[in-house]
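**Q** Predicted coordinates and the sequence they were generated for:
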Number of protein chains: 2
Amino acid sequence: MEREPSRRPGGRSARVRNSVLDATIELLAEQGDLLTIPQVAARAGVHETSIYRRWGTREALIADAVMSRMADEIPIPDTGNLRDDLRAFVARSRGLLTSPLGRQFLKSVAIAPRSAETDPRLHYWPRRLEVVAGIFERAIARGELRGDLDVGLATEMVIAPIYFRLLISHAPVDDEFEQRLVDFMVASLEGG
Amino acid sequence: MEREPSRRPGGRSARVRNSVLDATIELLAEQGDLLTIPQVAARAGVHETSIYRRWGTREALIADAVMSRMADEIPIPDTGNLRDDLRAFVARSRGLLTSPLGRQFLKSVAIAPRSAETDPRLHYWPRRLEVVAGIFERAIARGELRGDLDVGLATEMVIAPIYFRLLISHAPVDDEFEQRLVDFMVASLEGG
């Protein structure tokens, strides 16, 4: 009888990755981003060298862990209409980005990585934008939006202003802003 | 005969501010952001304590200097139509943000300040967005856009995706992106 209750896909390498990322998230919750790679290694039951080899730096490891978790935590709504999908997505994003995990995420996204290969942001964003694009693709399929819409850019347009305010202009991300952002997207895309 | 060739508005306090910011920009050009406050004080001919009192930290001083200069360096185009105004603005922003001054600016905008009072970003962005909003206000006055447009948000929508790519997703800001951004704004705002 093998003691291996959960076999996530991808074999041993993926299991190591998952246990390291889980340990990182746990330690972040317990003590913030003062965590060390030896702590993570001990918690995950792997060698430190495996962590250094795969992630390079503490910052890259934290960014990867937080980004993996964030993607899980913002499911994409499917309410049946564009306005409600956008409203739910924006509200959920705002809620998560102002939580402790979200603040760590914002710190991670703003830190310059040492090399492109160990930069989880380069993997995170294309995948993430593709998932969020589903909101617009479904609206096109329902006939709410024109089929020639630049879906990729529409997706960036709904995400970028939230990050711009949180990280750059420091203007408030509040109910009023949420409402204006959704109204703007719906009115301009539907030609209202 | 007084030796005071240029009297910028605002009296002595504004003159001190300008000479400190000019000295900071000069030193940044000469040696990057390794500059020290004593160096800036010597170059500007003011006491170090005046600099600490007004700016608090080296980072706040650099951010203020770079932001003051950036605002001067991106004049807002007035070509007579929305598409060309947006095209010129986006091209100019991109050119400047990828220059050495622009890269310093991007570093400064991403750094968290110690306190709201010494944070030049809180002063920079409202003013800056108001100036850029002129592009949309003129388009409304010409009858190109509806008078009930949310001008403030439209302005953020044209700026935010550029910063999102440069600072957050690290997707390319190239000719193709510029073209798509301008097309998207014009098509969605004019109901094309």
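**A** Good, I have the coordinates.
**Q** For residue A:82, which non-adjacent residue is closest in space?
**A** Counting by C-beta to C-beta, 6 or more residues apart in numbering or on different chains, residue A:82 lies nearest to residue A:139, which is 4.2 Å off, once chain neighbours are set aside. Just so you know, the C-beta spots here come from the backbone N, C-alpha and C atoms, and that holds for glycine as well.
**Q** just checking, what packs against whatever helix or strand residue A:128 lives in?
**A** Element membership for residue A:128 (DSSP states H and E) is helix A:120-132. Packing partners of helix A:120-132 (3 or more C-beta pairs under 8 Å, 6 or more residues apart in numbering or on different chains; DSSP states H and E): helix A:58-73, helix A:151-163.
**Q** What residues does chain A have near chain B?
**A** Chain A comes close to chain B at residues A:109-110, A:119, A:121-122, A:125-126, A:129, A:150, A:153-154, A:156-157, A:159-161, A:163-165, A:167-171, A:180-181, A:183-184, A:188-189, A:191, as judged by C-beta under 8 Å from any C-beta of the partner chain.
**Q** which ones are touching residue A:180?
**A** By C-beta atoms under 8 Å, 6 or more residues apart in numbering or on different chains, the residues touching residue A:180 are B:150, B:153.
**Q** helix, strand or coil for it?
**A** helix (DSSP: H, G, I helix; E, B strand; the rest coil).
**Q** Residues contacting the helix or strand following the helix holding residue A:128, please?
**A** Of the helices and strands lying after helix A:120-132 in sequence (DSSP H and E), the nearest is helix A:134-141. Contacting residues not belonging to helix A:134-141 are listed as A:76-78, A:81-82, A:85-86, A:89, A:145-147, A:149, A:151, A:154-155, A:158, A:189 [C-beta under 8 Å, 6+ apart].
**Q** Go through helix A:134-141 and flag the buried ones.
**A** Burial within helix A:134-141, assessed by neighbour count using 16 or more other C-beta atoms under 10 Å in any protein chain shown, is assigned to A:135-136, A:138-139.
**Q** Kindly indicate which of the residues you listed lies nearest chain B.
**A** Nearest to chain B among the buried residues of helix A:134-141: residue A:136, at 12.1 Å, using C-beta to the nearest C-beta.
**Q** For that closest one, give its distance to residue A:186.
**A** 11 Å (C-beta to C-beta, to the nearest Å).
**Q** again with residue A:105
**A** 27 Å.
**Q** Comparing these two, which residue is more hemmed in?
**A** Taking neighbours as other C-beta atoms under 10 Å in any protein chain shown, residue A:105 and residue A:186 compare with residue A:105 leading, 22 against 18.
**Q** other SSEs contacting the helix or strand hosting the more buried one?
**A** Per DSSP H and E: residue A:105 is located in helix A:100-110. Helix A:100-110 is packed against helix A:11-31, helix A:58-73, helix A:82-97, with contacts defined by 3+ C-beta pairs under 8 Å, 6+ apart.
**Q** Identify, out of these, the most deeply packed stretch.
**A** Using mean count of other C-beta atoms under 10 Å in any protein chain shown, the stretch among these with the largest mean neighbour count is helix A:58-73, at a mean of 20.
**Q** which residues of chain A score low on pLDDT?
**A** Scanning chain A for pLDDT under 70 picks out A:1-10, A:110-118, A:191-192.
**Q** one more time with 80, if that's ok
**A** Scanning chain A for pLDDT under 80 picks out A:1-10, A:33, A:71-75, A:109-123, A:191-192.
**Q** Relative to residue A:133, how far out is the residue lying closest to residue A:80 once chain neighbours are set aside?
**A** Closest residue to residue A:80 apart from its sequence neighbours, by C-beta to C-beta, 6+ apart: residue A:142 at 7.8 Å. The gap separating residue A:142 from residue A:133 is 15 Å, by C-beta to C-beta.
**Q** More neighbours: those two, which one.
**A** More neighbours surround residue A:133 than the other of residue A:142 and residue A:133, with 18 against 11 (other C-beta under 10 Å).
**Q** number of nearby residues for the residue lying closest to that one once chain neighbours are set aside?
**A** Nearest-residue entry for residue A:133: residue A:155, 4.6 Å, with adjacent residues in sequence omitted and distances by C-beta to C-beta, 6+ apart. Residue A:155 is flanked by 20 other residues according to other C-beta under 10 Å.
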